[in-house]
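> with the input below, show me the fold.
(chains A and B)
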2 protein chains.
Amino acid sequence: MMKAAIMGYGTIGSGVAEILEKNRDVIAQKAGQEIALKYVLDLREFPESPVADKIIHDFKVIEADREVGIVVETMGGLNPAYPFVKACLEAGKHVATSNKALVAAHGTELLRIAREKGVNFFFEASVGGGIPIVRSLYRSLAGERIEEIAGILNGTTNYILTKMEKEGETFGEALREAQDLGYAERNPEADVEGWDTCRKIAILTAMATGKEVNFEDIHTEGITQITDTDFKYAQVMGTSIKLFGASRMEGDRTSAFVAPVMIGKDHPLYSVRDVYNGILVKGNMLGTSMFYGSGAGKLPTASAVVADMIEAAQNEACHVPMGWSEERLPIEPIEKARFRYFLRVSGLRKDGEALAVKAFGTADVYEVAGLEEFGLLTGEMTEEEFRQRAEALKREGGPALLQKIRAEL
Amino acid sequence: MMKAAIMGYGTIGSGVAEILEKNRDVIAQKAGQEIALKYVLDLREFPESPVADKIIHDFKVIEADREVGIVVETMGGLNPAYPFVKACLEAGKHVATSNKALVAAHGTELLRIAREKGVNFFFEASVGGGIPIVRSLYRSLAGERIEEIAGILNGTTNYILTKMEKEGETFGEALREAQDLGYAERNPEADVEGWDTCRKIAILTAMATGKEVNFEDIHTEGITQITDTDFKYAQVMGTSIKLFGASRMEGDRTSAFVAPVMIGKDHPLYSVRDVYNGILVKGNMLGTSMFYGSGAGKLPTASAVVADMIEAAQNEACHVPMGWSEERLPIEPIEKARFRYFLRVSGLRKDGEALAVKAFGTADVYEVAGLEEFGLLTGEMTEEEFRQRAEALKREGGPALLQKIRAEL
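Modelled structure (predicted):
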């Protein structure tokens, strides 16, 4: 029997406790031994909960109890999650976490400690909720040179964008609705500014390359600048707009970004709607594959934590190679990345089209009835080239650009 | 360094050799050691190939060479694949195979030998080609009680059905085209009769439940009875027809079948087209997730074999728990499974509708212009109930049934 502790009895932590109880037999069968919950660390009391008698408030109890073989960290944030997890690994305990902030900020060090101590630091739940992408990237696609990852990695923003698309809502309306439903937090910046997606694509890119990725190196834009007008064009063009976390690996060069991207109906991620997540992976041998599922939510995310616990129990006495080394992966500046661009241009088409098209080379032109502006879809160019062309347009007194959305069309 | 042998230098086997060479550095990094190909067993010579100097014709060389730590089996079929694989495991060598016939027929025994000998018998490539479904089911969804698996598991039949749908071709026309393109074999029975899908859903069901599944217990229908007329109705109804391998687990009861199923646009597998595979998995905690990718093809399938080789190299000295026990999972007879049914009924709607609808209870009625027949979509009932109702319709002199396709609508 393996004794476990959960640190943080919030949504995910309580989900882990629930699954350990509900799927006890399946878990014991797969793990080769029973996994028994011994402690739940939280500042609060939960007198009505099924774990009322397991609640403790002092981390040192877990750290010092040699019976506890695996610790689940579902507190979120860096403090005290980071020092607690570090102490657990150093005490020779396996750790499973759902905390992408922790993994993105301190994963390299925690993986090193786990290796040194012969235990495991697992974090399947930190990306894609219940979608088994972390382990798949590392293990099932182990023989691949991964060339591209593109993911809809944040359910909150995907819900907001879906609402804007389907019901013509503004960003603000859709955000409020998401907040009312509990899909978005009162302070929604981490989601809508793309920070959450940034940490997740950093983790996936590190898993794919085996090297450390500094999430601060990743150019990150959120969805706050996306408007209902943009979606009017998308409708005319038969496209959609999704928040992508993406990276591309070509030889020694890696680029990565978080930004809204306009995609067409043929794109495998086109039909990923509402709070769902989808992740596309392109390998040099495998071609394209796609993973789809609940990217968040109590039980799906907790289920991924439990899978990690099971693998830890199976490998109680040994470190399973998984994760990345201490070598840092250089991320190319966004200026060198190549995209097509969807642009909205101020003024009537007849007045501005010639100058605008000339500025960006060839481009397709789109109009939405009733608007004093028009849309352009440029050819592919680097961000740097785009900036230069946009500046030239301005210098020559051309029409103003109202919007710029990267496009994979 | 780990020395490897490949048995069978056909499409997949040569793909494995190619990936070992092309992705040598990634593989060594992930495996923690270099994997070096020592032998390729085949009856033929390949004087022009990069493995010309590694070709051998005598299996005993591999069996007796203690340096060979891992053997890849890509011969297909049961003989001599089965005795060769068994001998390798008994000689203490890890085995990775792409051979679903072998895994479905002898997996239980081979898994037992691997356990006893402390080596690994891996078969990710046997289902879904490059889609990492086998390992995900067992490991990433380890804490789940899997309730349902539904997969488009055969690229050949999916290509044929896609052609029939998109271009109005008959089954025969689409099959010939698939044969001309090399997607279907000259003797296409294993694909078009559903036998290939049957073995694959048997393997997935065993991975999901941890129990042995006898593929012969699974009711299996292919696509040879699907006609271009069926797709005319599908178009009117806004549906598609796909060959499913599916199983449902409810408490101690498991049902499984292989058959064409009519599905709607909202079904996650609706947009899986051409030679692609898609697999939907429903867990009691996770909800629904979906895996999509190249279900066949030289390099995607070989990539899955290489991932198995890497995991074997990482676990050179130990058996990784994976697979199923010797306990047999009883599969319920198909008569007890519940479906809706799409039926085509002979004669004009005005003559037959009343009797037909009465026979099957409430049903939606569909017509295709110009046909002297009409379509029915029944409510849900067991196969047994369906049979009784169909017999009753016949007894009462009702119109003849021209077609019956199970529906998930």
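
> interface residues of the stretch 251-400 of chain A facing chain B?
With Cβ under 8 Å from any Cβ of the partner chain as the criterion, the stretch 251-400 of chain A meets chain B at residues A:268, A:271, A:283-294, A:297, A:299-300, A:302-304, A:306-307, A:309-311, A:314, A:318, A:320-321. In short, each C-beta sits where N, CA and C put it, glycine included.

> which ones among these map onto helices?
A:299-300, A:302-304, A:306-307, A:309-311, A:314 (DSSP state H).

> which one of these is nearest chain B?
A:Val306 (3.1 Å; Cβ to the nearest Cβ).

> for B:Leu204, see how far away the closest one is.
20 Å (Cβ to Cβ, to the nearest Å).

> among the two, which residue is more densely surrounded?
The neighbour count for A:Val306 versus B:Leu204, taken as other Cβ atoms under 10 Å in any protein chain shown, is higher for A:Val306 (33 against 29).

> hmm, the more buried one is touching A:Ala17, no?
No - between A:Val306 and A:Ala17 there is no contact under Cβ atoms under 8 Å: 10.0 Å.

> list the buried residues for whichever strand or helix holds A:Lys242?
Per DSSP states H and E, A:Lys242 falls inside strand A:239-250. The neighbour-count check on strand A:239-250 (16 or more other Cβ atoms under 10 Å in any protein chain shown) flags A:239-249 as buried.

> now do stretch A:395-409
A:398-399, A:401-408.

> in strands, which of these fall?
Within the buried residues of stretch A:395-409, residues falling in strands by DSSP state E are A:401-408.

> now, which of those residues sits nearest A:Val134?
Using Cβ to Cβ, A:Glu408 comes nearest to A:Val134 of these, at 24.1 Å.

> grab the CA positions of stretch A:281-296 and hand them over as PDB.
Extracted C-alpha coordinates of stretch A:281-296, given in PDB (Å, rounded to 0.1, in the frame of the first residue of the first chain):
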ATOM      1  CA  VAL A 281       1.300  17.700 -33.000                       C
ATOM      2  CA  LYS A 282       3.300  17.300 -36.100                       C
ATOM      3  CA  GLY A 283       6.200  14.900 -36.100                       C
ATOM      4  CA  ASN A 284       8.800  14.300 -38.800                       C
ATOM      5  CA  MET A 285       7.700  10.700 -39.200                       C
ATOM      6  CA  LEU A 286       4.200  10.700 -37.800                       C
ATOM      7  CA  GLY A 287       2.800  13.500 -39.700                       C
ATOM      8  CA  THR A 288      -0.100  15.300 -37.900                       C
ATOM      9  CA  SER A 289      -2.000  14.000 -35.000                       C
ATOM     10  CA  MET A 290      -4.500  15.700 -32.800                       C
ATOM     11  CA  PHE A 291      -5.600  15.300 -29.200                       C
ATOM     12  CA  TYR A 292      -9.000  16.600 -28.000                       C
ATOM     13  CA  GLY A 293     -10.800  16.700 -24.700                       C
ATOM     14  CA  SER A 294     -11.700  18.500 -21.500                       C
ATOM     15  CA  GLY A 295      -8.800  20.900 -21.000                       C
ATOM     16  CA  ALA A 296     -10.000  21.900 -17.500                       C
END
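
> model confidence over that stretch, on average?
Per-residue pLDDT over stretch A:281-296 has a mean of 91.

> how about stretch A:125-140?
91.

> check whether that stretch contacts chain B.
Yes - judged by Cβ under 8 Å from any Cβ, stretch A:125-140 and chain B are in contact via A:130-132, A:135-136, A:138-140.

> list only buried entries from the residues you listed.
Buried subset of the residues of stretch A:125-140 next to chain B (neighbour count, 16+ other Cβ under 10 Å): A:130-132, A:135-136, A:138-140.

> what parts of the stretch 101-250 of chain A come near chain B?
The stretch 101-250 of chain A comes close to chain B at residues A:124, A:130-132, A:135-136, A:138-145, A:210, as judged by Cβ under 8 Å from any Cβ.

> out of those residues, who's nearest A:Thr227?
A:Ile131 (29.7 Å).

> surely the closest one is in a strand?
No - A:Ile131 is assigned coil when assessed by DSSP: H, G, I helix; E, B strand; the rest coil, not a strand.

> what is the neighbour count of the nearest residue in space to it that is not next to it in sequence?
Excluding the flanking residues, the one nearest A:Ile131 by Cβ to Cβ, 6 or more residues apart in numbering or on different chains is A:Gly293, at 4.3 Å. Neighbour count of A:Gly293, defined by other Cβ under 10 Å: 27.

> what about A:Lys60, neighbour count?
9.

> give me the helices and strands touching the helix or strand harbouring it, please.
In this assignment (DSSP H and E), A:Lys60 forms part of helix A:59-64. Applying 3 or more Cβ pairs under 8 Å, 6 or more residues apart in numbering or on different chains; DSSP states H and E, one finds that helix A:59-64 makes contact with strand A:2-7, strand A:35-41, helix A:81-90.

> now the angle from the longest one to strand A:35-41?
Relative orientation of helix A:81-90 versus strand A:35-41 (axes from the mean of the first three to the mean of the last three Cα atoms, to 10 degrees): 140 degrees.

> list the buried ones in helix A:81-90?
Applying 16+ other Cβ under 10 Å to helix A:81-90 flags A:81-82, A:84-89 as buried.

> over to stretch A:37-47?
Buried-residue list, stretch A:37-47, by 16+ other Cβ under 10 Å: A:37-42.

> hmm, that stretch in reach of chain B?
No - using Cβ under 8 Å from any Cβ, stretch A:37-47 stays clear of chain B, coming no nearer than 13.2 Å.

> ok now that stretch, how far from the chain's centre?
Centre-to-centre, stretch A:37-47 and its host chain are 29 Å apart (Cα atoms, centre = their mean, to the nearest Å).

> hmm, who's touching it?
For stretch A:37-47, the external contacting residues (Cβ atoms under 8 Å, 6 or more residues apart in numbering or on different chains) are A:3-9, A:13, A:17, A:20, A:51-52, A:54-59, A:61-62, A:65, A:67-68.

> return the distance of the closest residue to A:Lys100 other than its chain neighbours relative to chain B.
Of all residues not flanking A:Lys100 in the chain, A:Ser126 sits nearest, at 4.1 Å (Cβ to Cβ, 6+ apart). Computed as Cβ to the nearest Cβ, to the nearest Å, the A:Ser126 to chain B distance reads 13 Å.

> one more: A:Ala36?
14 Å.

> tell me if I'm right that that residue and A:Lys3 touch.
Yes - taking Cβ under 8 Å as the definition, A:Ala36 is a contact partner of A:Lys3 at 5.6 Å.

> neighbour-wise, which of those two wins?
More crowded of A:Ala36 and A:Lys3, by other Cβ under 10 Å: A:Lys3, with 18 against 13.

> who's in contact with that one?
With Cβ under 8 Å, 6+ apart, A:Lys3 has these contacts: A:36-38, A:65, A:67-70.

> can you name the residues bridging to it?
A:Ala36, A:Val68 (DSSP bridges).

> can you give me the pLDDT of A:Asn306?
Let me fix one detail, which is that residue A:306 is Val and not Asn. For A:Val306, the pLDDT comes out at 97.

> which one is it nearest to, not counting chain neighbours?
Nearest to A:Val306 is B:Gly143, by Cβ to Cβ, 6+ apart, at 3.1 Å.

> isn't the one you found up against A:Ser303?
Yes - using Cβ under 8 Å, B:Gly143 is in contact with A:Ser303, at 5.3 Å.

> between these two, which one's more packed in?
A:Ser303 (31 against 28).

> before we move on, back to that, redo the buried ones among the residues of stretch A:125-140 next to chain B as a markdown table? Include distance to B:Asn277.
Shown next, in a markdown table, are these (distance: Cβ to Cβ, whole Å):
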| residue | distance to B:Asn277 |
| --- | --- |
| A:Gly130 | 21 |
| A:Ile131 | 17 |
| A:Pro132 | 17 |
| A:Arg135 | 20 |
| A:Ser136 | 15 |
| A:Tyr138 | 22 |
| A:Arg139 | 20 |
| A:Ser140 | 14 |
